[in-house]
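Q: Have a look at this prediction, sequence included:
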Amino acid sequence: MATPFRLKRSSVAGKRPGALQKGELAINFHDGHLFAERDTGGVGIGTTITLLTPWKESFGGGAIQYTGVVTATRYEGEGGNLTLGTPTSGSYRTGALSLTSSTKVDNSIEHLNYILGKLVPNEPDTIGGVSLTLDGAAGTGRLCAGFTATNNTGGSAPVAGTQYTRNTDSTITTAYITEYGPGDSGTIEGFVNATGIGSTAFNDTFGQGAIKSDNGTFGALQIANDKDAVDSTRNVGIASFFYEVYDARFIDAASPDGFNKAHMSHAGNSTANLFWYEDPSTVGAPVISFSGVTAPSNPALNYSSGVPHYTEAPANDFTYTMTVTNATGDMYSDHVFVTSDGATSGFNDPGDKTYTNFSGANPPVRNFGVGTGVDCVITNTVKDLHLTLTSDHFSRYDAVTPYGAHNDQRVSYSTNINIMGSTATTTQIDEDNILITSLGTGSGNATRVNAGAAGDNPTATYGTWDVTSQVASYEAVTRGGVLRHDQTNYSTGYLPAGPNYSSGRSGAQYFQMELMRSDVSQFNISVTGSYGGCWVCLPDNSAWTSALSGTNGWASMFAAYRGSGVPTSGEPGCASGGNMSGSSGTFTSVFGTESSSNDSNNRILIRWRLDNGDSITAMSFSAT
């Protein structure tokens, strides 16, 4: 038969029943507590009175209070009003936080975590956005037009004309990206296009939790230099055993023909995509070749000493055709793929050449000029100067593609070319423009006149010089800005073709000029080159010509002035301060007691003798 329940009650504060029978409960209505007797299972006293309601509910509810020690296997819930209590020492010492026994636990932990965060170093840089670079790539190239390139990326197709890194050996290896982290957690994985090509999980390598080094090769992904971040040179100042850093690269990853991409990912961060073009082209390096040179058919000419010269007129352009084979494969280097080394001494720079100059397009088509070369006409314009071009007439060219280069190529041409621009020059020999500087009274430069006859001291004449007429056998020749003893056949081996001066001209040749200045009693002669003699004459000054009647009025610069009066037939020297000897220098000619003003035309003649091998490249006259 079941035991009936019975209740005992009390209204005395703090009253606790001494004993209870089985089935009895005791209620203290003053305290609001409920008691029951619990069997102890034979441990200590056989039975004990247990308080079933050891807490008090706050008036209004929402909270309970407990006096004494509460133990539990587990506590759950928001920290709420849980306090720290009083430490064994009886109070909290001054520290980073101001604590009391009533300080809430959750607030204390939040403040403590904030302070600790100040002490923890920043993590090392991650691989997020880091650029990858191919090692051993075949440079760069731009994609040609006219074909659809294989696109392995799964994204946007490569664009014709755009420059990409070029690879040719069907594998890629990248340069290491160095000292990134954290290298003690997470998994790093490498991808070529959408295919994983290697991965590894990072472990602790240093400190109490060390497991193993993460260095090694995992498929085509290689990890090296796994180290404590304290040794990082990228992120300086990280304390030891907080983080690790590592180096990573791809090594010998398979690279399919066409457009590709690769990247690495680690702990939610990814490097920037690396793009490249695996070029399957088998074309060789470009090859430059040339046609023959076409000379002007109806040239515009200037003459000097009867020798024709080209001017800088457009009618004097020289042309030839350049042919280039293997101008592209799948790729090209730049729209300008043939470059000029610049102007030569006689011709202006014809300029760099693009694919459009070869009747191509920009960008060019694939395999342009493969099998059959492509052509470009090269136009060479004459410079405005005075010279004879004897070698290296035309510019050299370089052709460059991703598949190689053909450099320093020049069309072969051996014919000498005489050039005389329309601009007068005083730094060379120009027959009608020999420089006079600050000398006497008058204007204009010195000009060439007829030498009159052979010999050092013929009767002085000064007939007008005709630059277009073939010269006499005793006249020296000015050609290409140089005065020379000349025995050249200009009808062959020279352009423009000219007279034949090769015979009957082995003797001395002369170059005579006049200066028209008054008030000159002495002057300087500057000369560069070699010569056999130099004489000066005042042909229309009777005192001068009478004193030098034995030399037809010619005084010699190879002999010294006598020191008084005028030079005489017996002492015909007119050099002062040093005699000419046939070499370069500046020499002074004196008229003694005479002056060019005493010449009825203020005319001064200078006569030069050139022997076989002599030439003069510059000449001028000035005040002393």
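A: It's in. Numbers count the residues shown, from 1 in each chain.
Q: Isn't S255 up against I172?
A: Yes - counting by C-beta atoms under 8 Å, S255 sits close enough to I172 to count as a contact (4.8 Å). (Glycine included, C-beta is placed from N, CA and C.)
Q: Now for the two: what residues contact both?
A: Shared contacts of S255 and I172, defined by C-beta atoms under 8 Å, 6 or more residues apart in numbering, are found at 192, 276.
Q: Around T459, count how many other residues there are.
A: For T459, the count of nearby residues is 11 (other C-beta atoms under 10 Å).
Q: Would you quantify the distance from it to G532?
A: Separation of T459 from G532 (C-beta to C-beta, to the nearest Å) stands at 20 Å.
Q: try T321
A: Taken as C-beta to C-beta, the spacing of T321 relative to G532 amounts to 48 Å.
Q: For these two, work out which one has more neighbours and name it.
A: Remark: of T321 and G532, G532 carries more neighbours, 18 against 15, as counted by other C-beta under 10 Å.
Q: Tell me who's in contact with that one.
A: Contacts here follow C-beta under 8 Å, 6+ apart; on that basis G532 touches 508, 582, 609-611, 614.
Q: Dump these to a markdown table, plus distance to T415, pLDDT and neighbour count.
A: Compiled in a markdown table, those are given as follows (distance: C-beta to C-beta, whole Å; pLDDT from 0 to 100; neighbours: other C-beta atoms under 10 Å):
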| residue | distance to T415 | pLDDT | neighbour count |
| --- | --- | --- | --- |
| A508 | 30 | 98 | 18 |
| G582 | 33 | 98 | 16 |
| R609 | 31 | 98 | 24 |
| L610 | 26 | 98 | 25 |
| D611 | 28 | 98 | 15 |
| D614 | 26 | 98 | 19 |
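Q: Look at S255 and I172 and report which has more neighbours.
A: It is I172, of S255 and I172, that has more neighbours when counted by other C-beta under 10 Å, with 27 against 23.
Q: what helix or strand is the more buried one on?
A: Using DSSP states H and E, the element containing I172 is strand 171-174.
Q: Quick one: list the elements packing against the following helix or strand past that strand.
A: Moving toward the C-terminus from strand 171-174, the first helix or strand encountered (DSSP H and E) is strand 177-180. Based on contacts counted as 3 or more C-beta pairs under 8 Å, 6 or more residues apart in numbering; DSSP states H and E, the elements that strand 177-180 packs against are strand 244-250.
Q: Residues in contact with the helix or strand following the strand it packs on: which ones?
A: Past strand 244-250, further along toward the C-terminus, the next helix or strand under DSSP H and E is strand 253-254. The set of residues external to strand 253-254 that reach it, using C-beta under 8 Å, 6+ apart, is 170-173, 190, 192, 197-198, 220, 262.
Q: Out of those residues, flag the one nearest to G136.
A: Nearest to G136 among the contacts of strand 253-254: T173, at 6.1 Å, using C-beta to C-beta.
Q: Report the separation between that closest one and T217.
A: Distance check for T173 against T217: by C-beta to C-beta, it reads 12 Å.
Q: Could I get the full set of helices for the protein?
A: With DSSP state H applied, the chain shows helices at 105-119, 542-547, listed in chain order.
Q: Which of the ones you listed has the lowest mean pLDDT?
A: Within these, confidence is poorest for helix 105-119, with a mean of 65 (mean pLDDT).
Q: What is the least confident helix or strand in the protein?
A: Using mean pLDDT, DSSP states H and E, the weakest-scoring helix or strand in the chain turns out to be helix 105-119, at a mean of 65.
Q: check contacts around A210.
A: Taking C-beta under 8 Å, 6+ apart, we find A210 in contact with D204.
Q: swap that for G183, please
A: G183 sits next to 124, 202, 205, 214, 226-227, 229, 243-246 when contact means C-beta under 8 Å, 6+ apart.
Q: can you check V336 too?
A: So, once contact is read as C-beta under 8 Å, 6+ apart, V336 ends up touching 352-354.
Q: Tell me what S199 is bridged to.
A: E189 (DSSP bridges).
Q: wouldn't it be in contact with G219 here?
A: Yes - under the criterion of C-beta under 8 Å, S199 makes contact with G219 at 7.4 Å.
Q: Need the overlap of contacts for these two.
A: Between them, S199 and G219 share the neighbouring residues G190, with contact defined by C-beta under 8 Å, 6+ apart.
Q: mind listing the strands for the stretch 201-350 of the chain?
A: 216-218, 221-228, 244-250, 253-254, 258-266, 269-270, 274-278, 287-290, 301-304, 307-310, 318-325, 331-332, 336-340 (DSSP state E, counting those that start in this stretch).
Q: strand partners of the fourth one, parallel vs antiparallel please.
A: So that's strand 253-254. Taking DSSP bridges as the criterion, strand 253-254 sits next to strand 171-174 (antiparallel) in its sheet.
Q: List the buried residues in the partner strand.
A: Applying a neighbour-count criterion of 16 or more other C-beta atoms under 10 Å, the buried positions in strand 171-174 are 172-174.
Q: roughly how far apart are the nearest residue to G190 once chain neighbours are set aside and E278?
A: Among residues not flanking G190 along the chain, L221 sits closest, at 4.1 Å (C-beta to C-beta, 6 or more residues apart in numbering). In this structure, L221 lies at 19 Å from E278, with C-beta to C-beta as the measure.
Q: So, low pLDDT: which residues of the stretch 201-350 of the chain?
A: Under the criterion of pLDDT under 70, none of the stretch 201-350 of the chain is flagged as low confidence.
Q: again with the chain
A: Applying pLDDT under 70 to the predicted model, the residue ranges of the chain that meet it are 1-3, 41-47, 52, 59-63, 67-68, 70, 72-82, 95-97, 108, 111-120.
Q: can you pull the contacts of R609?
A: For R609, the residues meeting the contact criterion (C-beta under 8 Å, 6+ apart) are 456, 508-510, 531-534.
Q: so how far is the first residue of stretch 422-440 from its last?
A: Terminal residues of stretch 422-440 are spaced 29 Å apart (C-alpha to C-alpha, to the nearest Å).
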